[in-house]
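*Asks:* here is a sequence together with a model predicted from it:
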Amino acid sequence: MAPPAEVLAVRGLSKTFPGVRALDDVDLTLHAGEVHALIGENGAGKSTLIKLLTGVYRPDAGEIVFQGRKVSFATPLEAQKAGISTIYQEVNLIPLLSVARNLFLGREPRNRFGVLDMGRMNREAEQTLSTYGVRVDVRRPLRTLGVGAQQMVALARAVATEARVVVMDEPTSSLEPREVETLFSVIRSLRDAGIAVVYVSHRLDELYAVCATVTVLRDGRRVHRGRLADLDRLSLVSTMLGRDLGEVREEGLTKFTGDHGTADAEPVLTASDLTVPHKLHGVSLGIRPGEVVGLGGLLGSGRTETAKTIAGALSARSGGVTVAGVPLRTGSTPAAIRAGISLLPEDRKSEGIVPGLSVRENIALAVLPRLSRFGLVSEARVDSVVDTFIERLRIKASSPHQKVGELSGGNQQKVLLARWLAMNPKVLLLDEPTRGIDVGAKAEVQKLVDELAADGLGVLLISSDLEELIEGSDRVVVLKDGAVVGELTGDDVTQDKLMRTIAGNDPARDAGEEAAVDG
Amino acid sequence: EDDTSSDTKSSAAADAAQKVASPEPGGKTCTVDAYGGGKSDLENATVGFSQSEKEANPFRIAETQSIKDEAKKRGVKLLTANAQSQFSKQISDVQDLLAKGADLLVIAPLNSDGWDPVLQAAAAKKVPIVTIDRKINATACKDYVSFIASDFVEQGRRAADRMIEATGGKGEVAILLGSAGNNVTTERTKGFKDRIAEKAPDLKVVFEQTGDFAREKGQQVTEQLIQSKPGIKGIYAENDEMGLGAVAALKGAGKKAGDVEIVTVDGTRNAVQGIVDGWISGVVESNPRFGPLAFQTLDTFTKGESVAQDIVIEDGAYTPDNAKSGIGKAY
Amino acid sequence: MTTASIEPPQDAHPVGSARSERLSALVQQHGASAVLLIVSMVASFSFDSFATGDNISNMATSSAFLAIVALGMTFVIVTGGIDLSVGSLFALGGVLAAWGSRHGTLVALLLPLAVCGLIGVVNGLLVARSRLAPFIVTLAAMLGARGLMLALTDEGADTYLIGKGSFLAELGQGSTLGLANPVWITLGLFVGGAVVLRRTRFGQHVYAVGGNEDAAALMGAPVARTKILVYALSGLLAGLAGALNAAWLASGVTILGSGMELEAISAVVIGGTLLTGGLGYVSGSLVGVLLLKVIQNVINQIGSLDSSYQQVVSGAFLAVVVIAQTWLGRRRQLM
Amino acid sequence: MAEATLRTAPLDRTRLVQWLQTYGVYAGVAALLVVNAVITPHFLTAENFRTQAVQVAPVIIVALGMALVIGTEGVDLSVGAVMALAASVTALYLGYGLLPSLLVVALFAAGVGLANGALVAFVGVQPIVATLALMVGGRGLALVLLPQLKDLRNPSLASLGSGDVLGVPYLILIAAALALLVAFVVRRTTFGRQLLAIGDSRPAAQLAGLPVRRVLIIVYVVCALLAAVAGVLATARLRAGDPTSLGNLMELSAITAVVVGGTPLTGGRVNIGGTVAGAVLIQLLTATLIKHDLPPSWTQIAQAIVIVAAVYAARGRGKR
Ligand SMILES: Nc1ncnc2c1ncn2[C@@H]1O[C@H](COP(=O)(O)OP(=O)(O)OP(=O)(O)O)[C@@H](O)[C@H]1O
Ligand SMILES: Nc1ncnc2c1ncn2[C@@H]1O[C@H](COP(=O)(O)OP(=O)(O)OP(=O)(O)O)[C@@H](O)[C@H]1O
Ligand SMILES: [Mg+2]
Ligand SMILES: [Mg+2]
């Protein structure tokens, strides 16, 4: 059988950012109908490669051959017109524009006066989206949709254009399992239509589910290329991390060790009957010292809201939070922090890091008043705290004075963890702590959470990664539509039971929880 | 004590009332018949007054006050508006006054040009207009009735005369200009320069910078001036405030009264006091008390008699000779 | 107790928030209109001379020029930018039109458009290509344009006049069907502006650039071109407004336009356009301009206010309106 | 070999750009000084430098406050109005002595700052519009309090305006002290770090438990207080309270000084040294143009060009 035609060939691509060799002499070939996995650690250069392909950045060296012709796109628009369409990492749409306008931006249907044909646009948008399982009023601003739905809009947008190559940079980081399935079926139909797909993800299962071939990047260089089926998960990880296979095997892929014996201690944190209009309806939960409580649910089920309300970032209309038995003034982040609650926010980029400040300043940000006297910062004490945590969490930065915005995702997450650990909290609320983080860093973060729990910290763990939730939590509370719909403890904490509870048809749901929902 | 002070003020004001310099007999006049419209009675009329700038400098305060006082004295209903130095606002102000039923208009224009829309609207309603302190570039007795004001070019000339006298007609002098784009600035500059060129060619204008009619700006510019031109003999400030700013600058630089001759225009109390103190060599008056003359003109006009088209008022001048005695009538 | 009141769980939140979302979008878009309506009603009851044909047509005419400037400003602000140069360009446009009128109507109209549009393009290039902050770029343009205007008029000493009865004068001063020509032109421009902003690709790009510039670039919107175009448009409209104003006044008045940029910005913001970009309405800006003019008119109707009190009242009013706007807008953010 | 040059070339350019970003303003100031020394008579005199310093002092003081506000991603248009307000209030209460009147000035300024801060921090109004309202209303209030310029003959006020220590005028000393103080606050205090964090990413600062509203309010109050100090000093120098024209367009001069000095309008970074240099740059430019008696049209065009050039030199690196 003759191999399918080569659609895209990249040769010797290099790109240097000030101080960083982001990409170094990288090759990549794609054939029609090939679903190609592009993997690597955070900062390996995956997104950079994609941005070079699509005209966002200009390469320093190397060439791109697309459908037999040497190309050099000046803008993403040119690439898109030529037939390379892309879903960039992080949802990249316009939040205030309507869903339909987002979907059609740049290729709007126009009537013969050159004026947009809104009727047609809305109709077609509705149709297109419904094939992706998204049924919404397409005239609404995009941001009123959940992140998952937004991601599906981005997907629909990318696929709807007449593309030969579709590039997806971590498209599933904010999708729930059902939506991931939809995505996979879209990818398969693209493949069958002879379209090449580049797929970037840190979730290995997904790669094995859809991809046929793989390119592994490490520190900006291509270190492997081949059929995915030829590599098992462990070898893939060891290639990616550049470490010995045995070493990786020994450590295992997930770092959670499981149970922490804390069955009958008094809860360090209780939240009772938290109600936030339109978002939460009487959510109650308790966390004991040394316990990791998972919070499960679909996108938009109110997990983030629960965490934010406990941390005082959202004000509850009713309900209360106590820390070690002391009631907390709700709706005030400083009060919650003083009481010992720390929240690692879901949206690391916009709510977590302060990108323009250094690693040092980011770590010291919350704890600064404690390191100051009369408002004057004691640099020596800051240094000692910062050095301690950089070492303890193994934060990789060129120096403590490097800007956090320049770090890789995993290291940014560690900086945030350091910020909170420096506060010596009683409870740690982790909202998607490993989203968008490579396997290596993920394992490190998970190990850290484990250690913290062992030290007696109460942890609330929110994750869309069911595996992580199951392995990491002692107990899982499940939310649906802003209310608690179930709780799994002990041996019930299994993937299967969790799925069923999340889906809302859990037969084991007992009367007590029913009452909690109604009360 | 309030009473007495206001008494002395008003009696001083009476002293200081405007006197008409021109027209000489035979100048152009205007009557109701020529202008269009019918006779009326000022007593029962509503007069609209549009002021150009905020009442925040002595000239504007005295001007508005004089109009208000006169209206009160005559028992005439007065509507007022203030354009806050924004020309487009003044246009709408006057239109608002018309819409509110003003039968007669007194306008202190912010600018000489650009009055077409207002004049048309007034003409449509046959509302007579008297402009004060600045001229409107339009046809007298057609677009407006008369214009009562000082002659700014003449003020510039007289300032030049005073400067020539003070400096002996030799040396280098500087001008502190008013705000750019303002007719008053243009005319006071023209009069001054023309007269210098004509009468004292040895007096050189070596420096012209705007002080925006404000004291602080006058001070700052003068500070730069005396650094770069230490030999400057005289400073002509186009209003008193800038002149007083110049005085502050000279004081700050350790100069003594009389080292630099300062001539200003306006006649505010502070400036006249400056002459008494020896820092200012002369002040050309620009009399702001337009009330009596404006209303008298309107009265005469509405009765059907003829009034002059250009009523140029006679401005006084303050010199070291009369400053002390005249300070009472400064405003 | 809460569960009892919510609808079928699956759709509860989206529907609920969609409804209030739409409501507050409506308020955001029409809040200024409501305020305008209330103020106008109160004014017509309080002052006999307010709701008269004369007064209304005066207000309409004198709003026209600011409105045209605010139209251009709306485009700029929707992209998340700001244009401080419009006041100077307004004055420059007027002077150029009056100067050009000696060489015929065509020159009188095209010259200000060309020059002011060009300055707008330079603003746009500096903002879009050199990535300088719009605030500082247009601040410099404000100084530069005023300098140019002064240079053209012998430091403001010369005022060029527009001949009576010329086509230009007729354009500015005449009226059609009882409405002044500048008002018609303004209305036309706003209808055009609304179509362009809401119903053309360029308009989509304007929103996209303001909503999320990086995303817009990745989605293939021509970010730089869009920015250059909005600044060019703003300059063009400011020049046009200046030219029309000059035609109306029959002269190129040199003291116009200072502070106009802030007036235009206030009008746009009062009209519900977010200064952060991405959201805005052309019609809102028109309402914002009218609101400012009505307030000024009401202050004049009261008639007895000292000039300094007038300023205090305008400041207080502005504060009240933006507070109201922000509260309404924030409800929207929270939903 | 070729490889080596390829690698170093972009780095050198980067370094040049960085150098310009940091020191461009200082280079500009130096250039203007050199040019003036050559072309302007009587430029290199102590008197002249003193004049320039005294004139620029109020601008610097206002710009310091403005820099803090800009650091939080805000802007304060009301500083000129606060200067006018300070002039009015000083004039009104000077009868009770200089110190009492200064206290009242501080109260008024703090009031304006509080109003600005509350609008920004609590109501969430965009800084530019919030402070625009106070810019209009504040000057109106100044005029309501003191309808016209008033001469002030208070000896202590006069000595504040024109006195000196060892030949260095108080004004310069005060401006220098305030600049050092503000620089210290930005670098060394919790407040300074918090301010920058808020300017860089307000949601992150909020979630990190920083007292966002308090910091914002303090920043606007400090800015207003600094503007009031500048207003009092200008009043003292003028020996008159002038609510009409004092501080006119000061907001624009201050913003220009800050931005030309390398502080981005997007917040999160404050460059105090640059701000001072920025103010000095504009002052020297204006002085040059005035001393050479150029007409206003030239002055404005030249300022436009210098502002753009300075900001262009200091601009952040482009994407590509
Ligand atoms: N615009 C930029 N300026 C400077 N450095 C950059 C820029 N973009 C990326 N980098 C650097 O280039 C390297 C590669 O980044 P890239 O985003 O391509 O990584 P990635 O493989 O996509 O990682 P992740 O899995 O976290 O998305 C990193 O060190 C990153 O810090
Ligand atoms: N598919 C959707 N359609 C409409 N609105 C949605 C959807 N998903 C989420 N939302 C809205 O977004 C809000 C925020 O949801 P959010 O994603 O923060 O919840 P979550 O349970 O924390 O999920 P996750 O943390 O996995 O993103 C919800 O209150 C809901 O109103
Ligand atoms: Mg990436
Ligand atoms: Mg969430």
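*Replies:* Here it is on my side, so go on. Ligands and ions are numbered 1, 2, ... in the order given.

*Asks:* what's the neighbour count on the closest residue to ligand 4 within the stretch 201-320 of chain D?
*Replies:* Per Cβ to the ion, D:L207 is where the stretch 201-320 of chain D lies closest to ligand 4, at 13.5 Å. For every residue, glycine as well, the C-beta is placed using N, CA and C. Residues within reach of D:L207, counting by other Cβ atoms under 10 Å in any protein chain shown, total 25.

*Asks:* and the residue of chain B closest to chain A?
*Replies:* Per Cβ to the nearest Cβ, the residue of chain B with the smallest distance to chain A is B:S88, at 34.0 Å.

*Asks:* quick one: B:L105 and B:K126 touch, right?
*Replies:* No - judged on Cβ atoms under 8 Å, B:L105 makes no contact with B:K126 at a distance of 11.4 Å.

*Asks:* neighbour count winner among these two?
*Replies:* Shown here are B:L105 and B:K126; by other Cβ under 10 Å, B:L105 has more neighbours (24 against 13).

*Asks:* give me the residue from chain B nearest chain C.
*Replies:* Closest point on chain B to chain C, by Cβ to the nearest Cβ, is B:G181, at 2.7 Å.

*Asks:* got the contact list for that residue?
*Replies:* C:L150, C:T153, C:E155, C:G156, C:A157, C:T254, C:I255 (Cβ atoms under 8 Å, 6 or more residues apart in numbering or on different chains).

*Asks:* and the residue of the stretch 51-200 of chain A found nearest ligand 1, how many residues sit next to it?
*Replies:* As assessed by Cβ to the nearest ligand atom, ligand 1 sits closest to A:Q89 within the stretch 51-200 of chain A, at 5.4 Å. Residues near A:Q89, counting by other Cβ under 10 Å, number 19.

*Asks:* which SS class is it?
*Replies:* Following DSSP: H, G, I helix; E, B strand; the rest coil, A:Q89 is assigned to coil.

*Asks:* ok, it to A:L129 distance?
*Replies:* The gap separating A:Q89 from A:L129 is 22 Å, by Cβ to Cβ, to the nearest Å.

*Asks:* OK, contacts around the most centrally placed residue in chain D?
*Replies:* The C-alpha lying nearest the average C-alpha coordinate of chain D belongs to D:A63 (Cα atoms, centre = their mean; 0.9 Å). Contact analysis of D:A63 by Cβ under 8 Å, 6+ apart lists D:S253, D:A254, D:A257, D:V258, D:G261, D:T275, D:V276, D:G278, D:A279.

*Asks:* for the residue lying closest to the residue of chain B closest to chain C once chain neighbours are set aside, helix, strand, or coil?
*Replies:* Spatially, and ignoring its direct neighbours in sequence, B:G181 is nearest to C:G156 (2.7 Å; Cβ to Cβ, 6 or more residues apart in numbering or on different chains). Put simply, C:G156 is coil when judged by three-state DSSP.

*Asks:* report how many residues lie close to C:G156.
*Replies:* C:G156 has 29 nearby residues by other Cβ under 10 Å.

*Asks:* these two touch, right, it and B:T186?
*Replies:* Yes - if you go by Cβ under 8 Å, C:G156 and B:T186 touch, sitting 7.4 Å apart.

*Asks:* need the strands for the stretch 251-400 of chain A, in chain order.
*Replies:* Remark: strands assigned in the stretch 251-400 of chain A by DSSP state E, counting those that start in this stretch are A:269-276, A:280-287, A:292-296, A:318-323, A:326-328, A:341-344, A:372-373, A:376-377.

*Asks:* in the fifth one, what's buried?
*Replies:* When you say that, I think you mean strand A:326-328. A:L328 (16 or more other Cβ atoms under 10 Å in any protein chain shown).

*Asks:* parallel or antiparallel, list what pairs with that strand.
*Replies:* Strands adjacent to strand A:326-328 in the sheet, as given by DSSP bridges, are strand A:318-323 (antiparallel).

*Asks:* chain center to the strand it pairs with: distance?
*Replies:* Remark: strand A:318-323 is offset 29 Å from the chain centroid, using Cα atoms, centre = their mean, to the nearest Å.

*Asks:* contact partners of that strand?
*Replies:* Residues contacting strand A:318-323 (Cβ under 8 Å, 6+ apart): A:268-275, A:282-284, A:309-310, A:327-328, A:330, A:336, A:339-341, A:426-427.

*Asks:* ok, stretch B:29-46 next?
*Replies:* B:23, B:74-79, B:100-104, B:123, B:126-128, B:140-142, B:145-146, B:295, B:298-299, B:301-309.

*Asks:* what do you get if the cut-off is 7 Å, keeping everything else the same?
*Replies:* When contacts are defined by Cβ atoms under 7 Å, 6 or more residues apart in numbering or on different chains, stretch B:29-46 is touched by residues B:74-77, B:79, B:101-104, B:126, B:128, B:140-141, B:145-146, B:298-299, B:301-309.

*Asks:* now swap in stretch D:271-279 and tell me
*Replies:* D:25-26, D:29, D:56, D:59-60, D:63-64, D:67, D:179, D:182-183, D:186, D:257-258, D:260-263.

*Asks:* low-confidence ranges, the chain, go.
*Replies:* Using chain A. A:1-3, A:91, A:248-264, A:504-519 (pLDDT under 70).

*Asks:* not quite, I wanted chain D
*Replies:* Using pLDDT under 70, chain D drops low at D:1-14, D:316-320.

*Asks:* element containing whichever residue of it sits closest to chain B, please.
*Replies:* Residue nearest to chain B within chain D (Cβ to the nearest Cβ): D:S245, separated by 3.6 Å. Using DSSP states H and E, D:S245 sits within no helix or strand.

*Asks:* what's the per-residue pLDDT of the nearest residue to it once chain neighbours are set aside here?
*Replies:* Once flanking residues are discounted, D:S245 sits nearest to B:A214: 3.6 Å by Cβ to Cβ, 6+ apart. Confidence at B:A214, expressed as pLDDT, is 89.

*Asks:* let me see the contact set for B:A214.
*Replies:* B:A214 touches B:E241, B:M242, D:S245, counting by Cβ under 7 Å, 6+ apart.

*Asks:* now for whatever helix or strand C:F65 lives in, which elements pack on it?
*Replies:* Element membership of C:F65 [criterion: DSSP H and E] is helix C:53-78. For helix C:53-78, the packing partners by 3 or more Cβ pairs under 7 Å, 6 or more residues apart in numbering or on different chains; DSSP states H and E come out as helix B:87-99, helix C:86-100, strand C:179-180, helix C:181-199, helix C:201-211, helix C:223-249, helix C:260-270, helix C:282-302.

*Asks:* ok and the residue in chain D nearest chain A?
*Replies:* For chain D, Cβ to the nearest Cβ, closest residue to chain A: D:G209, 3.7 Å.

*Asks:* in a strand, that's where that residue is, yeah?
*Replies:* No - assessed with three-state DSSP, D:G209 is coil; it does not lie in a strand.

*Asks:* which single residue of the stretch 151-300 of chain C ends up nearest ligand 1?
*Replies:* C:D214 (10.8 Å).

*Asks:* determine the number of other residues adjacent to B:N287.
*Replies:* Neighbourhood size, B:N287 [other Cβ under 10 Å]: 25.

*Asks:* wait, it sits on B:E314?
*Replies:* No - using Cβ atoms under 7 Å as the test, B:N287 is too far from B:E314 to be in contact (8.2 Å).

*Asks:* D:D242 contacts D:A87, correct?
*Replies:* Yes - shown here, D:D242 and D:A87 form a contact pair, counting by Cβ under 7 Å, at 5.7 Å.

*Asks:* next, the closest residue to chain B within the stretch 151-300 of chain C: phi, psi?
*Replies:* The stretch 151-300 of chain C approaches chain B most closely through C:G156 (2.7 Å), counting by Cβ to the nearest Cβ. With angles defined as degrees, to the nearest 10, C:G156 sits at phi 90, psi 0.

*Asks:* that's all I had, so thanks and see you.
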